[in-house]
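Novice: kindly return the folded structure for what I paste below:
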Amino acid sequence: MALAETALNTISSVLFWVLFILFLMITTFGMLYIRKQRKFKFPCLIQFDLGSGKIGIEKTKAGWFRSKKSFFGLFDHGGERRLEVKDKRIIQQASTQDFHELNHKRGLICYAKPDDPKVLLPVKRIILTNGNLVEDIAPADFRDTSSKILDEAQREQIAGWEKFAQYAVIGVIAITALISIILIIQYSNNTMDKANVIYNEAIAFKTQTIQSIDTTPSITAP
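Specialist: Residues are numbered from 1 along each chain as shown. Below is the predicted model of the structure:
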């Protein structure tokens, strides 16, 4: 009986439910984060122009993701498939035909636009001609790419705020319902405790009454 009462008090505790919800949230976001990181399985080299005929090379990883995301970008669930690198930049117009071999693995070589490093374009072919290394990147690929990225970012930001508002409303409703349930359980426990006290007092009064009757001396007539 004491064990059941202890368990009921624990379940009805506000702190217990707060810790339980935090545990579920941390576990869920942790699993989604690990899932996202495992998708970055293609090595990727990003070239950027340093001027004077020099280039810089950044090593990272890329993976296939859907354009529609939720849970702060950790879960992709719809839209077109596209290649993204770890810093959330999208490789524009990339396809499976753009893969090279990097360290004996399928990988990508990209070029960052000099005036806008957010724009990444895949190097489709690399040709060695007369001792010169020529990379095939069509100039037409640059057209309207920056404005496209800006429009997508604005749409994603608006959609993100709308989803956040929905999650916030659902969270408030869930917390309100949880608090209501806890208050009802606690009220029930208090009512049961008071009923037990009254019952015990009644039993004690009955016992005392019976004992007083049994101990009262009988009076006989002379």
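Novice: what's the first helix or strand after the helix or strand where Leu15 lies?
Specialist: Assignment of secondary structure by DSSP states H and E places Leu15 within helix 14-39. Next along the chain after helix 14-39, taking DSSP H and E as the criterion, comes strand 42-51.
Novice: in the helix holding Leu15, which residues are buried?
Specialist: In terms of neighbour count (16 or more other C-beta atoms under 10 Å), helix 14-39 has its buried residues at 17, 32, 36. Any C-beta I mention is one placed from the backbone N, CA and C, and that applies to glycine too.
Novice: excluding chain neighbours, give the residue nearest to the second one in space.
Specialist: Using C-beta to C-beta, 6 or more residues apart in numbering and skipping residues adjacent in sequence, the residue nearest Leu32 is Leu74, 3.9 Å away.
Novice: tell me what Val134 is bridged to.
Specialist: Here Val134 sits in beta bridges with Ile127, going by DSSP bridges.
Novice: so what's it up against?
Specialist: Counting by C-beta atoms under 8 Å, 6 or more residues apart in numbering, Val134 makes contact with 126-128.
Novice: tell me which of these is nearest to Ile198?
Specialist: Proximity of those to Ile198 (C-beta to C-beta) peaks at Ile126, which lies at 88.7 Å.
Novice: would you check how far apart the closest residue in space to the closest one that isn't next to it in sequence and Cys110 are?
Specialist: Leaving aside its chain neighbours, Ile126 sits nearest to Glu135 (5.3 Å; criterion: C-beta to C-beta, 6+ apart). The span separating Glu135 from Cys110 equals 10 Å under the rule C-beta to C-beta, to the nearest Å.
Novice: those two: who's more crowded?
Specialist: Neighbour count, other C-beta atoms under 10 Å: between Glu135 and Cys110, Cys110 has more, with 25 against 12.
Novice: pull out the buried residues from the helix or strand hosting the more buried one.
Specialist: Per DSSP H and E: Cys110 is located in strand 105-113. By neighbour count, and taking 16+ other C-beta under 10 Å as the criterion, the buried residues in strand 105-113 are 107-113.
Novice: what's the burial count for Gln92?
Specialist: The criterion is other C-beta under 10 Å. On that basis, Gln92 has 19 neighbouring residues.
Novice: could you chop the chain up by domain?
Specialist: According to automatic domain parsing, the chain comprises the domains 1-39, 40-143, 146-214.
Novice: just those domains: most buried one?
Specialist: Most buried of those, by mean neighbour count (mean count of other C-beta atoms under 10 Å): domain 40-143, with a mean of 14.
Novice: what's the longest strand along the chain packed up against?
Specialist: Of all segments of type strand in the chain, defined using DSSP state E, the longest is strand 54-70. Helices and strands touching strand 54-70, as assessed by 3 or more C-beta pairs under 8 Å, 6 or more residues apart in numbering; DSSP states H and E, comprise helix 14-39, strand 42-51, strand 75-85.
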